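Visitor: Based on what follows, work out the 3D shape:
(chains A and B)
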There are 2 protein chains.
Amino acid sequence: MAILLEHVTAVTMDEERRVLKDAFVAVEGTKIASVGLERPEGTFERVIDGTGKVLMPGLINCHTHVAMTLLRGYGGGHDLQHWLHDYIFPAEARLDETCVAAGAALGMAEMIASGTTCIADMYMHSGAVARTALEAGLSANLSCGGVWFGAPEDFSPDKCGDCQNQIALTEGWHGANGGQILVDASIHAEYTSNPPLWQWMADYAAAHGLGMQVHISETGSEHQGCLDKYGLTPVQLLDRYGVWRGGGTAAHCVWVTDEDMDLMARRNITAVHNPVSNLKLASGVARVPALLEAGVNVALGTDGVASNNSHDLFEEIKLAAILHKGVSGDPAAVSALQALEMATVNGARALGRADTGVIAPGKTADLILLDFTRPGLTPCHDVYENLAFSARGSDVVMNMARGKVIYENGTFFTLDLEGIRARVEGYALPRIFG
Amino acid sequence: MAILLEHVTAVTMDEERRVLKDAFVAVEGTKIASVGLERPEGTFERVIDGTGKVLMPGLINCHTHVAMTLLRGYGGGHDLQHWLHDYIFPAEARLDETCVAAGAALGMAEMIASGTTCIADMYMHSGAVARTALEAGLSANLSCGGVWFGAPEDFSPDKCGDCQNQIALTEGWHGANGGQILVDASIHAEYTSNPPLWQWMADYAAAHGLGMQVHISETGSEHQGCLDKYGLTPVQLLDRYGVWRGGGTAAHCVWVTDEDMDLMARRNITAVHNPVSNLKLASGVARVPALLEAGVNVALGTDGVASNNSHDLFEEIKLAAILHKGVSGDPAAVSALQALEMATVNGARALGRADTGVIAPGKTADLILLDFTRPGLTPCHDVYENLAFSARGSDVVMNMARGKVIYENGTFFTLDLEGIRARVEGYALPRIFG
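Guide: Predicted structure coming up:
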């Protein structure tokens, strides 16, 4: 299908970071066919009037556990250990694949309505997440968050459930539907596994050309515990086992050191900044200006909504752009444009998806349209300032993923909201809490 | 007009902080007539089905400069002094009453759509803000932000333009429409005036029974400058002149000391927390847990949108509830309920409006309805958690101020959005920037 967006302000995020006013963006199939100031030749099945609207690349959520929507707000107000051990872990122990599919569908609806087109997810029953992403229309890098609580000497891939999960996920889903689904290798975290798993996962990722997802230095105690136990930080420790051979995404990075940052820049390890979750869980404030200064690629994530409690990346963009100003005392720390880059081009680089995060010919048509005539986006002295500091997910009026309009003006075209609600309330919640 | 809200989850914020499920709330004229679990007797001109929705008190924005919507995003990315002196002040110097009315109407539209029913505003041409608030239907405490840059010995109320503005504002608007408009006395800040103005304003407020609005210790340099010049903090210095005799609202309070907090608790001075603005302007992080511990009344404000850049109080609620967890390392710092209290009952107390901020019989019917069937508010394990951490202004589907539905499902009943846009783009922006 050929679609033309006309008379739109296009925030391209291309290499020159061009913002084109009164622009024309043509889409053919899953790809952007042309971007320019003149109406392209050809016939279009659909022409979308972009007057008063801003078109930008679909947002990329580089760290989430999307099915955790089922636990939104559950056990809130308790301290972290109490919350995890008395609320989250017991609830998660009751999740089955049907629950995960329902929770993932709910979370993807929320993401789609707020402008996300691509995610990186780490959770259990990831096959259900893959099926749901394909149905929803989102691109997804999926991982199962490998853990190994056994003794190092007892490890073998046959005995490690998450190695088996990894293999099944890779074989079942990697590259599905022309790369819509990519499978990443993953280590849940240093503190939930030990060297044989790290070695196996590093080798497995290298052998299959997979990305790598790891939680890194989220809390001070976890970071210090690793130093005490191994004499190395988590980033450096895992590097000894070749975990970062093909780069990777390191979620959180609240407590990483200057040496870690240098290593991350050299190894192409993306720091996935999750500012809302880091504040809510009292983990601290990641040193994002220092990460940027060190040349580390910084992307954004919401984390699971149990610790957020929302999947709206515009909120993370804004918080990333204001938090570091307030904490550092430097009102120029993290510009509006830098925060928008984190949610688009940097996210694409993090996930090994050079085809998205930018509006340019030949790229995948992952595009969102925001209504800039709303009171909260009026006037517009600077489109980057309004996108970073004034826009919210609810200003998204159209979400096009891989060339297909999957959401428009409150209507979902790939997901059945009523059906999702019935699955959540009729099955998933009773299963977990009943 | 008698209106019944039925089958609604009512978050009352009453003294027992009751949350009533499947409740009935009746409104008659400008007041709440009844709140309960049984359908009240009587006939109603309108019955609103609250199934799947949450009713709560309308939000109270205790510190804004609403007409600054005209400068949304203007001069962003510059350091504070450059931003103020090269962008904001020159633009403000060109504002006239017509600009202020247009900017205020735009800001009020944004506020209404995101659930605000009552504001405290400090700006120039406040008569225009008063007229706009009356038209929009919002309750407002208005002040003109008194400054006196002359030498102390030259001061006289006749020579001080802001004393004349204060007198005109009080005489023209205080108590208008049954108290919908209240006029507060105000001192813009310690560093923009000197003792004779403080004395005059304190005496004037006492003589007329007015509230008091002051910017207090927003930046470290301002706070330290006061200490250097007078040997006292701004809160304590102004206290010497009787400024707090009738309480007051102190906006920002980022750098207040423990002694200041004790004084604030004793004098009934509300600390108005503006977390977004404080981060964006790199002012720092107010010690809200310490303020609460000291017994200070803490309310919330957006500040002007030039430094926010939004008027959505749900964003301030969430940030107030997560920021202090992240900065203090205590995941129990500022609960969901405490943050919601700041935006409702605490705000009402701050503004001397005991009749709002709560759902109880006899109180003013300032009520908002949120759609809890949306994906981002599903499921609801705890209504306070969802309101504080998951709700956003765009989830508000009805705003009733003083008993009148002023907004519903995207439609404004008191403001003409097209007309506002025409006034902003046709007159105000050309006047300021043309």
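Visitor: what residues does the stretch 1-150 of chain A put near chain B?
Guide: For the stretch 1-150 of chain A, the contact set with chain B under Cβ under 8 Å from any Cβ of the partner chain comprises A:69-80, A:83, A:106-107, A:109-110, A:113-114. All C-beta atoms are positioned from the backbone trio N, CA, C, and that covers glycine.
Visitor: just the buried members of those residues?
Guide: A:69-77, A:80, A:83, A:106-107, A:109-110, A:113-114 (16 or more other Cβ atoms under 10 Å in any protein chain shown).
Visitor: In helices, which of those fall?
Guide: A:80, A:106, A:107, A:109, A:110, A:113 (DSSP state H).
Visitor: Next, the contact list for the residue nearest to residue A:362 when sequence neighbours are not counted, please.
Guide: Closest residue to residue A:362 apart from its sequence neighbours, by Cβ to Cβ, 6 or more residues apart in numbering or on different chains: residue A:31 at 6.2 Å. Going by Cβ atoms under 8 Å, 6 or more residues apart in numbering or on different chains, residue A:31 touches A:362, A:363, A:364, A:365, A:403.
Visitor: Can I get those residues in JSON lines including neighbour count?
Guide: What follows is the contacts of residue A:31, written out as JSON lines (neighbours: other Cβ atoms under 10 Å in any protein chain shown):
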{"residue": "A:362", "neighbour count": "10"}
{"residue": "A:363", "neighbour count": "22"}
{"residue": "A:364", "neighbour count": "28"}
{"residue": "A:365", "neighbour count": "27"}
{"residue": "A:403", "neighbour count": "20"}
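Visitor: Distance to residue B:54 added to the residues you listed, as a markdown table?
Guide: Shown next, in a markdown table, are the contacts of residue A:31 (distance: Cβ to Cβ, whole Å):
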| residue | distance to residue B:54 |
| --- | --- |
| A:362 | 47 |
| A:363 | 41 |
| A:364 | 39 |
| A:365 | 38 |
| A:403 | 38 |
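Visitor: Tell me how far the closest residue to residue A:395 other than its chain neighbours lies from residue A:114.
Guide: Nearest non-adjacent residue to residue A:395, counting by Cβ to Cβ, 6+ apart: residue A:370, 4.7 Å away. Per Cβ to Cβ, to the nearest Å, residue A:370 is found 11 Å from residue A:114.
Visitor: Now for these two: what residues contact both?
Guide: Residues touching both residue A:370 and residue A:114 (Cβ under 8 Å, 6+ apart): residue A:396.
Visitor: Please enumerate residues in contact with the helix or strand of chain A with the lowest mean pLDDT?
Guide: Lowest on mean pLDDT, DSSP states H and E among the helices and strands of chain A sits helix A:80-82, with a mean of 80. Helix A:80-82 is contacted from outside by A:75, A:219, A:281, A:282, B:331, using Cβ under 8 Å, 6+ apart.
Visitor: and which of these is nearest residue B:23?
Guide: Relative to residue B:23, the closest of the contacts of helix A:80-82 is residue A:75; by Cβ to Cβ it sits at 25.6 Å.
Visitor: tell me the contacts of the closest one?
Guide: Per Cβ under 8 Å, 6+ apart, neighbours of residue A:75: A:82, A:83, A:86, A:87, A:88, B:381.
Visitor: would CSV of those residues with distance to residue B:137 be doable?
Guide: Shown next, in CSV, are those (distance: Cβ to Cβ, whole Å):
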residue, distance to residue B:137
A:82, 44
A:83, 41
A:86, 46
A:87, 42
A:88, 43
B:381, 34
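Visitor: Going by neighbour count, which of those are buried?
Guide: Listed as buried from those are A:83, A:87, A:88, B:381; burial here means 16+ other Cβ under 10 Å.
Visitor: Pick out whichever of the residues you listed sits closest to residue A:396.
Guide: residue B:381 (26.5 Å).
Visitor: Need phi/psi at the nearest residue to that closest one once chain neighbours are set aside.
Guide: Spatial nearest neighbour of residue B:381, chain neighbours left out: residue A:74 (4.4 Å); criterion: Cβ to Cβ, 6+ apart. Main-chain dihedrals, residue A:74, degrees, to the nearest 10: phi -80, psi 130.
Visitor: which residues touch residue A:74?
Guide: Residue A:74 neighbours (Cβ under 8 Å, 6+ apart): A:87, A:88, A:91, A:306, B:381, B:382.
Visitor: Span of stretch A:200-220 from start to end?
Guide: Using Cα to Cα, to the nearest Å, one end of stretch A:200-220 lies 27 Å from the other.
Visitor: Same check on stretch A:333-353?
Guide: By Cα to Cα, the extent of stretch A:333-353 from end to end equals 27 Å.
Visitor: could you give the mean pLDDT of it?
Guide: Average pLDDT, stretch A:333-353: 98.
Visitor: Please apply the same query to stretch A:144-161.
Guide: So the average pLDDT for stretch A:144-161 ends up being 97.
Visitor: which parts of it are buried?
Guide: Those would be A:144, A:145, A:146, A:147, A:148, A:155, A:157, A:160, for stretch A:144-161 by 16+ other Cβ under 10 Å.
Visitor: Among these, which one lies nearest to chain B?
Guide: Taking Cβ to the nearest Cβ as the measure, chain B lies nearest residue A:145 of the buried residues of stretch A:144-161, at 22.2 Å.
Visitor: Surely that closest one touches residue A:188?
Guide: Yes. Shown here, residue A:145 and residue A:188 form a contact pair, counting by Cβ atoms under 8 Å, at 4.1 Å.
Visitor: Any residues of the stretch 151-300 of chain A in contact with chain B? List them.
Guide: Within the stretch 151-300 of chain A, the positions lying close to chain B (Cβ under 8 Å from any Cβ) are A:220, A:276, A:278, A:279, A:280, A:281, A:282, A:283, A:284, A:285.
Visitor: what's the fourth one in contact with, if anything?
Guide: With contacts defined as Cβ under 8 Å, 6+ apart, residue A:279 is in contact with A:285, A:319, A:323, B:322, B:323, B:325, B:326, B:327.
Visitor: part of a helix, is residue A:243?
Guide: No. If the criterion is DSSP: H, G, I helix; E, B strand; the rest coil, then residue A:243 is coil and not within a helix.
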